[in-house]
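Chemist: 3D model of this:
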Amino acid sequence: MDNSLHEKLKAIENSLPEIEKQLSEIDISKDQKGYAEMAKKHSDVSIIVDLFNEWKKITSEIEDAVELINSEEDEDMKSEFESIVTENKNKLDPLVQKIKVSLLPKDPLDEKDVLVEIRPGAGGEEAAIWVGDLYKMYTRFAERNAWNVEPIELTASDQGGYSKIIFAIKSKGVFSKLKFEAGAHRVQRIPKTESQGRVHTSIATVAVLPEAEEVDLNIVDSDLKIDVYRSSGPGGQSVNTTDSAVRITHIPTGLVVTSQDEKSQLKNKNQAMRILRARLLKAEQDKAAAERAKDRKEQVGSGERSDKIRTYNYKDNRVSDHRINLTLKKLDQVLDGDLEEFVVGLIADNEASRLANLEE
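Modeler: Residues are numbered from 1 along each chain as shown. Down below sits the predicted model:
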């Protein structure tokens, strides 16, 4: 560990008692947001201090063992102490790497719940069917992690697919796990409607939005244009005889959100506002990230929806993530929610990129 990193860790360690004091002085009944922010800071700093203490313990054990080697005359005992030194030295590099990762600036949205939007891209009705398959994949992944899934809008297409699916996943840290799923997901397979057995390529786009609370954004009523209309089903058929569907336009940004799944106009308005808040929060964060990344060689975690991030090939039973060059020959398991290898790989790749940028 170099001196600058050591000094930084000592300063963080020295700051912990003051943070604990500030946390104890906040009246949670009067300032819940302030308490939550300070508690999060305390947790983050405590993790770093615990890792630093572990590093100090290991280096101390190495120093003690080296001292014993120099003073010991028995060769068997020397050999035993040398193995202790080797074993502990092997722990240091991974630990220092873990410490560096813990020092990276935290994404303030990582702890948020998420709204996931899946829409068909190129590929016609096969793309719309693919939307439904991806929805099942993410709901199964959520089940594996004991996360709560809340369907918000499932708009059916004409032939068993979906023209849009929006759902929420709720649990601590969901956004940190799912944010790299944003992008274009390409499927290569023979559609059920294909009589000549030809493989088609279709695309569905996935957007992963951190769910925003009302306190996260200040949305002024005068900035909203709200229209109501009758809900429609597949093929344009009317599914409601009242004007319950809601369209909200955020005038300053031009963002438009619609909701028509609920029979109540008020419920549709609340759902539309929920989606609008999430999109506005994500747009703010993307803008801030882009500004921070102006001078970098590449922007980390841009999540551009136009990028083909992953290909699912049915013939070869494989799934390939093009960002980390990871291919798994278990398509059926991935579609059943076994996404862990991709999620872990993408998080590790993001951390490595951020560390490289930090060191530059």
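Chemist: part of a strand, is T86?
Modeler: No - assessed with DSSP: H, G, I helix; E, B strand; the rest coil, T86 is helix; it does not lie in a strand.
Chemist: quick check: longest helix of the protein.
Modeler: helix 32-71 (DSSP state H).
Chemist: Show me which residues of that helix are buried.
Modeler: Under the neighbour-count criterion of 16 or more other Cβ atoms under 10 Å, helix 32-71 has M38, V45, I48, V49, L51, F52, W55, I58, I62, A65, L68, I69 buried. Every C-beta, even on glycine, is put in place using the N, C-alpha and C of the backbone.
Chemist: How about L103, nearest residue that isn't a chain neighbour?
Modeler: Nearest residue to L103 in three dimensions, chain neighbours excluded: I48, at 6.7 Å (Cβ to Cβ, 6 or more residues apart in numbering).
Chemist: now do A207
Modeler: Closest to A207 by Cβ to Cβ, 6+ apart is E117, at 4.3 Å.
Chemist: Work out for me the element the one you found sits within.
Modeler: In this assignment (DSSP states H and E), E117 forms part of strand 114-120.
Chemist: partners of that strand, with directions?
Modeler: Neighbouring strands of strand 114-120 in its sheet, by DSSP bridges, are strand 162-170 (antiparallel), strand 200-210 (antiparallel).
Chemist: I'd like the next helix or strand past it.
Modeler: Next helix or strand after strand 114-120 toward the C-terminus (DSSP H and E): helix 124-144.
Chemist: quick one: contacts of that following helix?
Modeler: 116, 118-121, 123, 148-149, 154, 157-165, 167, 169, 178, 181, 185, 187, 191, 193, 200, 202-204, 206, 334-340 (Cβ atoms under 8 Å, 6 or more residues apart in numbering).
Chemist: Just the buried residues of it, please?
Modeler: Buried positions in helix 124-144, judged by neighbour count with 16+ other Cβ under 10 Å: 125-135, 137-142.
Chemist: Tell me the first helix or strand C-terminal of it.
Modeler: Moving toward the C-terminus from helix 124-144, the next helix or strand (DSSP H and E) is strand 148-156.
Chemist: Between helix 124-144 and that following strand, find me the angle.
Modeler: Angle, strand 148-156 to helix 124-144, by axes from the mean of the first three to the mean of the last three Cα atoms, to 10 degrees: 170 degrees.
Chemist: how distant is strand 148-156 from the center of its chain?
Modeler: 19 Å (Cα atoms, centre = their mean, to the nearest Å).
Chemist: what lines up beside that strand in the sheet?
Modeler: Strand 148-156 is paired, per DSSP bridges, with strand 162-170 (antiparallel).
Chemist: Output the partner strand as CSV, restricted to C-alpha atoms.
Modeler: Output of strand 162-170 as CSV, limited to C-alpha atoms (Å, rounded to 0.1, in the frame of the first residue of the first chain):
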residue,chain,number,x,y,z
TYR,A,162,-46.4,-7.0,-25.6
SER,A,163,-46.0,-3.5,-27.0
LYS,A,164,-44.8,-2.3,-23.6
ILE,A,165,-44.2,-3.8,-20.2
ILE,A,166,-43.3,-1.6,-17.1
PHE,A,167,-42.8,-3.2,-13.7
ALA,A,168,-41.1,-2.3,-10.4
ILE,A,169,-38.6,-4.4,-8.4
LYS,A,170,-38.3,-3.5,-4.8
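Chemist: list the contacts for Y312?
Modeler: Here Y312 is in contact with H185, R186, V187, Q188, R189, V319, L331, V334, L335 (Cβ under 8 Å, 6+ apart).
Chemist: got it, and E262?
Modeler: S244, N268, Q271.
Chemist: helix, strand or coil for it?
Modeler: Three-state assignment for E262 (three-state DSSP): coil.
Chemist: mind checking how far it is from Y162?
Modeler: 17 Å (Cβ to Cβ, to the nearest Å).
Chemist: Likewise for V334?
Modeler: 20 Å.
Chemist: T59 now?
Modeler: Here the criterion is Cβ to Cβ. By it, T59 lies 56 Å from Y162.
Chemist: so Y162 touches A156, yeah?
Modeler: Yes - checked against Cβ atoms under 8 Å, the pair Y162 and A156 is within contact range at 5.9 Å.
Chemist: For the two, work out which one has more neighbours and name it.
Modeler: Y162 (24 against 16; other Cβ atoms under 10 Å).
Chemist: so what's the residue sitting nearest the centre point of the chain closest to, chain neighbours aside?
Modeler: With distances taken as Cα atoms, centre = their mean, the residue of the chain nearest its centroid is K179 (2.8 Å). Nearest residue to K179, sequence neighbours excluded (Cβ to Cβ, 6+ apart): V208, at 5.3 Å.
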